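>>> What follows is a predicted protein model with its sequence.
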Amino acid sequence: MPKVLVSDPIDQVGIDILSQVATVDVKTTLSPEELIQVLPEYDAIMIRSGTKLTKDAIEAGKNLKIIGRAGVGVDNVDVPTATRMGIVVVNSPEGNTIAAAEHTLAMMMSLSRFIPAANASLKGGKWDRKSFTGVEVYKKTLGILGLGKIGSHVATVAKSLGMRILAYDPFLTTERAEKLGVHLVELEILLREADYITLHLPKTKDTAHLINAERIGIMKDGVRIINCARGGIIDEVAVAEAIKSGKIAGIALDVFENEPLEADSGLRELGANVILTPHLGASTEEAQTNVAVDVAEQIRDVLLGLPARSAVNIPGLRPDVWQKLKPYLQLAEMLGNLVGQLAGGRVDNLDVKLQGEIANSESQPIVVAALKGLLSPALRERVNFVNASIEAKERGIRVTETRDPSVEDYSGSIHLTAHGSQGQQSVTGALLGKSEIRITSINEFPINVAPTHYMLLTLHRDMPGIIGRIGTLLGNFNVNIASMQVGRRMVRGEAVMVLSIDDPLPSGLLDEIVHIQGVTDAFVVKL
Ligand SMILES: NC(=O)c1ccc[n+]([C@@H]2O[C@H](COP(=O)([O-])OP(=O)(O)OC[C@H]3O[C@@H](n4cnc5c(N)ncnc54)[C@H](O)[C@@H]3O)[C@@H](O)[C@H]2O)c1
Ligand SMILES: O=C(O)CC[C@@H](O)C(=O)O
């Protein structure tokens, strides 16, 4: 029998499912060192947010076939290491949507009526009614940052409470928002107009400290803020200051930059208008049953040799098809991610062109992989090989597919064009040998670059001095350049430069690069 380790508290129903096909050990108090010691024994591990599956832990799991995250976020799993080792990582993208939305609404009401503090006061022996005069949410404006699954449910319920709803989500179409009865607006408008602001977006490089001192400054005096998404989207120091100054009337946090929240965190010292819960968004009986069933069934299936339905890193294809298509799926996903980041906002159309030898292959998995990559800057681990097409459809992204077997530059290549709110961007990629991925054009400028973690791309005029100026700027900010390539169609015409850089770009530097004379645009891409 295969062996499964359950290292966080999981609903019994999940353990019962696993026990149909495996010996299940429930060990929920392992230290990181103990985890590394026991992992080689196991074929699968099932976790919640408590267990950290680092590179070292995953590499220790020599027999692991699958990692199951009973929940959505896989921030606690080193997914690239798992992928490299051929370990499937699965999650439950929707099992706790309602739970997290209802926790958000409970937080909004508790903030408005001081319920936690009034309860503590009464239990402490007082009968104090004066200190707890609240406010109504009726006819107030709720600003939702991130109108995905949870944000949409919050919007639907809040509308029925008589609230006016504004949302900011640069990846969503106006039609989708209108269907929900929500006004899609720019971030600044939402910050200026909202009485309540609630966050429902993933933590990414763009959303880290999205709520900072500067943006709090734009908000209404007396705004109330709720974060049941991810710690670190809010700058905790800045909100604590704004609570003390009275700029923010209340804040409710379920998630924190460091979890568990430090015992001496300043947040714990704040008054009745600050409500803190220990990451309870998903903690309902129903959600825990949903995610346990969802993930345990997938672990069972994979242990039985069947595909997983909600894999974050590997699609549910027959093993022989997967082996054949794997390098092209990785190529398509990387290109989707790249073109999505270049598009930099809402994408309305994605053209997928299969060229050369893959023009005759089964195209559907390649298109899905491209969509997964395209949506991953916005949806992160919520998008997988199973839901990518549905997510794209719900977001109003139209996909067109063409094939051209006559293209012979490489044995097989994929060309993607994204048309969106900020214009059109295109990328091409191919395989070198059997599996080495190369980016072979950007906006039709020919290049030949291996994708790396951090890249800086510029569109500029091909004239002396520009590349030097960019290099000097990067040097001044201690950003190390690993490689550089320039692509152009004619001498002294338009050109593209791709720099692989070892470090993320310090904030503000991209702006300086865009302002160099002759540079028309610049992008930082994280792959
Ligand atoms: N507290 C909890 O226990 C708990 C439980 C479940 C989910 N979550 C978290 O809640 C958040 C939302 O989950 P979901 O299921 O609704 O996800 P989702 O993927 O359905 O929606 C996220 C939305 O955020 C939008 N988005 C991405 N980047 C953005 C940006 N820079 N600005 C504005 N919008 C942006 C996306 O377009 C998407 O519509 C996630 O961070 C998730 O990890 C927390
Ligand atoms: O309770 C948990 O496991 C965390 C839930 C939530 O943050 C998730 O990402 O699904």
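The structure has been received and is ready for your questions. Ligands and ions are numbered 1, 2, ... in the order given.

>>> Spatially central, which residue of the protein would that be?
Arg380 (2.7 Å; Cα atoms, centre = their mean).

>>> list the contacts for that residue?
Pro202, Thr204 (Cβ atoms under 8 Å, 6 or more residues apart in numbering). Heads up, the C-betas are built off the backbone N, CA and C, glycines and all.

>>> Now do the phi/psi pair for it.
The phi/psi pair for Arg380 (degrees, to the nearest 10) reads phi 50, psi -130.

>>> Can you tell me the strand partners of the host helix or strand of Ala167 and which way each runs?
Ala167 is part of strand 164-168 when elements are defined by DSSP states H and E. Neighbouring strands of strand 164-168 in its sheet, by DSSP bridges, are strand 141-145 (parallel), strand 183-184 (parallel).

>>> List the contacts of the closest residue to ligand 1 within the chain.
Across the chain, no residue is closer to ligand 1 than Gly148, which sits at 1.7 Å (Cβ to the nearest ligand atom). Gly148 is in contact with Asp169, His200, Leu201, Leu379, Arg382, counting by Cβ under 8 Å, 6+ apart.

>>> switch the cut-off to 10 Å
Residues near Gly148 by Cβ atoms under 10 Å, 6 or more residues apart in numbering: 97, 169, 171-172, 200-202, 229, 378-379, 382, 391, 394-395.

>>> Let me see the mean pLDDT of the strand or helix carrying Val525.
Assigned by DSSP H and E, Val525 belongs to strand 519-526. For strand 519-526, mean pLDDT rounds to 92.

>>> next one: stretch 395-413
Mean pLDDT, stretch 395-413: 88.

>>> What of stretch 57-76?
94.

>>> Can you list the buried residues in it?
For stretch 57-76, the neighbour count (16 or more other Cβ atoms under 10 Å) marks 57-61, 64-76 as buried.

>>> Show me these that map onto strands.
Ile66, Ile67, Gly68, Arg69 (DSSP state E).

>>> Quickly note the distance from the last one to Val154.
It refers to Arg69. Look at Arg69 and Val154: by Cβ to Cβ, to the nearest Å, they are 23 Å apart.

>>> Kindly report the same for Lys326.
According to Cβ to Cβ, Lys326 stands 39 Å off from Val154.

>>> interface residues of this protein facing ligand 1?
For the chain, the residues in contact with ligand 1 (Cβ under 6 Å from any ligand atom) are 72-73, 96-97, 100, 145-151, 168-172, 200-202, 204, 206-207, 228-230, 254-255, 279, 281-282, 378-379, 382.

>>> so the closest residue to Glu41 other than its chain neighbours bridges to which residues?
If the residues on either side of it in the chain are set aside, Glu41 comes closest to Lys3, at 5.9 Å by Cβ to Cβ, 6 or more residues apart in numbering. Here Lys3 sits in beta bridges with Thr23, going by DSSP bridges.

>>> which ones are touching Lys3?
By Cβ under 10 Å, 6+ apart, Lys3 lies in contact with Ala22, Thr23, Val24, Asp25, Val38, Glu41, Tyr42, Asp43, Ala44, Ile45, Asn63, Leu303.

>>> so who does the first one touch?
This points to Ala22. 1-5, 42-44, 296, 299-300, 303-304.

>>> if we go to 6 Å?
Residues near Ala22 by Cβ atoms under 6 Å, 6 or more residues apart in numbering: Met1, Pro2, Val4, Leu303.
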